[in-house]
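Chemist: okay, here's the prediction I keep looking at, along with the sequence it came from:
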Amino acid sequence: MRYWLMKSEPDDVSIDDLAAMPNQTVAWYGVRNYQARNFMRDQMEVGDLVLFYHSSCREPGIVGIARVSRKAYPDETQFEVGGHYHDPKSSRDKPRWFNVDVQLTRKTRLMPLAEMRHIPGLETMMVLQRGNRLSITPVDPKHWALIEKLL
DNA sequence: GCCAACGTTGGC
DNA sequence: GCCAACGTTGGC
């Protein structure tokens, strides 16, 4: 069982949007970065735990805990011609992009990015590293324990 | 809106 | 295969 941090723009899918979904579950569509895709496709298992993170917004930070509820399968949005996530180089025979499903475990308080940067022991967390832009990053169990204790 | 950082693309 | 140009991410 692994731990992850997954970024979502609240204008797209917020923690409240997730809470309002049927089964409080959402397909993590739209990832178009190979490293992030590989994490989902090759490493994520049902039951893995996820820090749900709001990015590109007024108060970026962790807002909830979720779990992987379905293993990776082809991201439907890559086939939607004219859609924002359409990939003309992909096909149903050879899909390029994959997503897992993520189900809400619980909403938490907002733990802002600025606070995370000041938590002793979190300095090496991947999402806090300079220049990091990956929307999906593995979380060290020690980092997870530190964060969960403070949520 | 700015811009640092980094990934991707495409000409050669 | 190199690398300049370009696009995107995402905090501030």
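Modeler: Arrived safely.

Chemist: from now on I want contacts and neighbour counts done on CA atoms only, so please keep to that.
Modeler: Noted.

Chemist: what's the neighbour count on the closest residue to DNA strand B within chain A?
Modeler: For chain A, the residue closest to DNA strand B is residue A:131, as judged by CA to the nearest atom of the strand, at 3.3 Å. Applying other CA atoms under 10 Å, we find 7 other residues in the vicinity of residue A:131.

Chemist: wait, is it part of a strand?
Modeler: No: following the definition DSSP: H, G, I helix; E, B strand; the rest coil, residue A:131 is coil and is not counted among the residues of a strand.

Chemist: now do the phi/psi pair for it.
Modeler: The phi/psi pair for residue A:131 (degrees, to the nearest 10) reads phi 80, psi 0.

Chemist: now do the buried residues in stretch A:91-111.
Modeler: A:95-105, A:107-108, A:110-111 (16 or more other CA atoms under 10 Å).

Chemist: gap between that stretch and the chain center?
Modeler: In terms of CA atoms, centre = their mean, to the nearest Å, the gap separating the centre of stretch A:91-111 from the centre of its chain is 6 Å.

Chemist: hmm, who's touching that stretch?
Modeler: Here stretch A:91-111 makes contact (CA atoms under 8 Å, 6 or more residues apart in numbering) with A:15, A:18-19, A:23-29, A:31-32, A:37, A:40-41, A:44, A:61-75, A:78-79, A:90, A:151.

Chemist: the residues you listed also near DNA strand C: which ones?
Modeler: When contact is defined as CA under 7 Å from any atom of the strand, the contacts of stretch A:91-111 meet DNA strand C at A:32, A:61.

Chemist: now list the buried members of the contacts of stretch A:91-111.
Modeler: Among those, the ones that count as buried by 16+ other CA under 10 Å are A:15, A:18-19, A:24-29, A:31, A:37, A:40-41, A:44, A:61-72, A:74-75, A:78-79.

Chemist: just these: which are in strands?
Modeler: For the buried ones among the contacts of stretch A:91-111, membership in strands holds for A:25-27, A:61-72, A:74, with DSSP state E as the criterion.

Chemist: how much space between residue A:11 and residue A:55?
Modeler: Between residue A:11 and residue A:55 the distance is 9 Å, computed by CA to CA, to the nearest Å.

Chemist: for those two, indicate the residue with more neighbours.
Modeler: residue A:55 (19 against 11).

Chemist: show me what contacts that one?
Modeler: For residue A:55, the residues meeting the contact criterion (CA under 8 Å, 6+ apart) are A:7, A:8, A:9, A:10, A:61.
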